[in-house]
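Novice: quick one, structure for this:
(2 chains)
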Amino acid sequence: GDSVTQMEGPVTLSEEAFLTINCTYTATGYPSLFWYVQYPGEGLQLLLKATKADDKGSNKGFEATYRKETTSFHLEKGSVQVSDSAVYFCALNQAGTALIFGKGTTLSVSS
Amino acid sequence: DAGVTQSPTHLIKTRGQQVTLRCSPKSGHDTVSWYQQALGQGPQFIFQYYEEEERQRGNFPDRFSGHQFPNYSSELNVNALLLGDSALYLCASSLVRAVEAFFGQGTRLTVV
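Specialist: Just a heads-up that it's a prediction; the model follows:
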């Protein structure tokens, strides 16, 4: 079945450092891909999405490109802030069906 | 515009008891999905409701059941609670076949 694999954390960075969180997927067909963020004690917030190959999703300085040839959707940000500290989840779905999530990557940014 | 709202926010139950969690979808949404998120894990899909019918179900036992009402709100019921049912239960709403789903803040269930 479909699945998502993301790099294990925690990822610890200093403020203004460059961030990459790797995500690869296995799926039949052409899934939509997502990054969700979860702040402590909260639910999930959609960070960005891409619905077809070569699409780039972006939001709040974060970016990810849907790479079908490498089945990847890596999350990047050029300069992280302390407020970016959270757990990040990569996910996919097929045409509005259930979301399939990775295990999450914890990001900790220090000043 | 209110987003997805869940109640209660926290709950403590004893093994063997039954629990009901509630979810009101985002205005205009007709589809509700439930997820279980164990500590340190990604959310796992339980089931999805559309037009008051269970549309899709994940790999969860029959102890987990649900309902959707004509106003699109939904309930998740869990019978015969086990310690392993302790988790954050997340509700997500969407339009049927839409790409995006919006999540509530979750209900933290602790089984003792």
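Novice: point out where chain B drops to low pLDDT.
Specialist: Applying pLDDT under 70 to chain B picks out residues B:1.
Novice: and it, which of its residues are near chain A?
Specialist: B:4, B:6, B:31, B:33, B:35, B:40-45, B:48, B:56, B:58, B:90, B:92, B:94-106 (Cβ under 8 Å from any Cβ of the partner chain). C-beta: built from backbone N, CA, C; applies to glycine.
Novice: could you redo the last one with a cut-off of 7 Å?
Specialist: Neighbours of chain A within chain B, by Cβ under 7 Å from any Cβ of the partner chain: B:33, B:41-43, B:45, B:48, B:56, B:58, B:90, B:94, B:96-101, B:103-106.
Novice: so of those residues, which ones are in strands?
Specialist: The strands, defined by DSSP state E, take in B:33, B:45, B:48, B:56, B:90, B:94, B:103 from the residues of chain B next to chain A.
Novice: now for those residues: which two are most distant?
Specialist: Greatest spacing in those, by Cβ to Cβ: B:56 and B:103 (17.1 Å).
Novice: and for residue 9, the neighbour number?
Specialist: Answering for chain A, as no chain was given. Other residues near residue A:9 come to 15 when the count uses other Cβ atoms under 10 Å in any protein chain shown.
Novice: wait, chain B
Specialist: Residue B:9 has 11 nearby residues by other Cβ under 10 Å.
Novice: in contact with the closest residue to it other than its chain neighbours, which residues are there?
Specialist: Leaving out its chain neighbours, the residue that sits closest to residue B:9 by Cβ to Cβ, 6 or more residues apart in numbering or on different chains is residue B:107, at 6.3 Å. Listed by Cβ atoms under 7 Å, 6 or more residues apart in numbering or on different chains, the contact set of residue B:107 reads B:6, B:8-9, B:11, B:21, B:89.
Novice: now the buried members of those.
Specialist: When these are checked for burial by 16 or more other Cβ atoms under 10 Å in any protein chain shown, the buried set is B:6, B:21, B:89.
Novice: hang on, the last one packs against residue B:77?
Specialist: No: counting by Cβ atoms under 7 Å, residue B:77 is not a contact partner of residue B:89; they are 11.2 Å apart.
Novice: near chain B, which residues of chain A are found?
Specialist: Residues of chain A lying near chain B (Cβ under 7 Å from any Cβ): A:32, A:42-44, A:46, A:49, A:51, A:89, A:95-99, A:101-104.
Novice: among those, which ones are buried?
Specialist: Buried residues within these, counting neighbours by 16+ other Cβ under 10 Å: A:32, A:43-44, A:46, A:49, A:89, A:96, A:98-99, A:101-104.
Novice: cross those against strands and list the overlap.
Specialist: Per DSSP E, those map to strands at A:32, A:44, A:46, A:49, A:89, A:101.
Novice: could the ones in strands among the residues of chain B next to chain A go into TSV alongside neighbour count and distance to residue A:71?
Specialist: Below are these laid out as TSV (neighbours: other Cβ atoms under 10 Å in any protein chain shown; distance: Cβ to Cβ, whole Å):
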residue	neighbour count	distance to residue A:71
B:33	30	24
B:45	21	21
B:48	27	25
B:56	15	23
B:90	26	26
B:94	23	24
B:103	24	25
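Novice: geometric centre of chain A: which residue is closest?
Specialist: Centrality entry for chain A: nearest residue to the mean C-alpha point is residue A:35, 3.5 Å, by Cα atoms, centre = their mean.
Novice: can I get the host helix or strand of that residue in PDB, CA atoms only?
Specialist: Counting by DSSP states H and E, the element that carries residue A:35 is strand A:32-38. C-alpha atoms of strand A:32-38 as PDB (Å, rounded to 0.1, in the frame of the first residue of the first chain):
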ATOM      1  CA  SER A  32      -1.300  14.800  -3.700                       C
ATOM      2  CA  LEU A  33       1.500  15.600  -1.300                       C
ATOM      3  CA  PHE A  34       1.400  17.700   1.900                       C
ATOM      4  CA  TRP A  35       3.400  19.000   4.800                       C
ATOM      5  CA  TYR A  36       1.600  19.600   8.000                       C
ATOM      6  CA  VAL A  37       3.000  21.200  11.200                       C
ATOM      7  CA  GLN A  38       2.000  20.500  14.800                       C
END
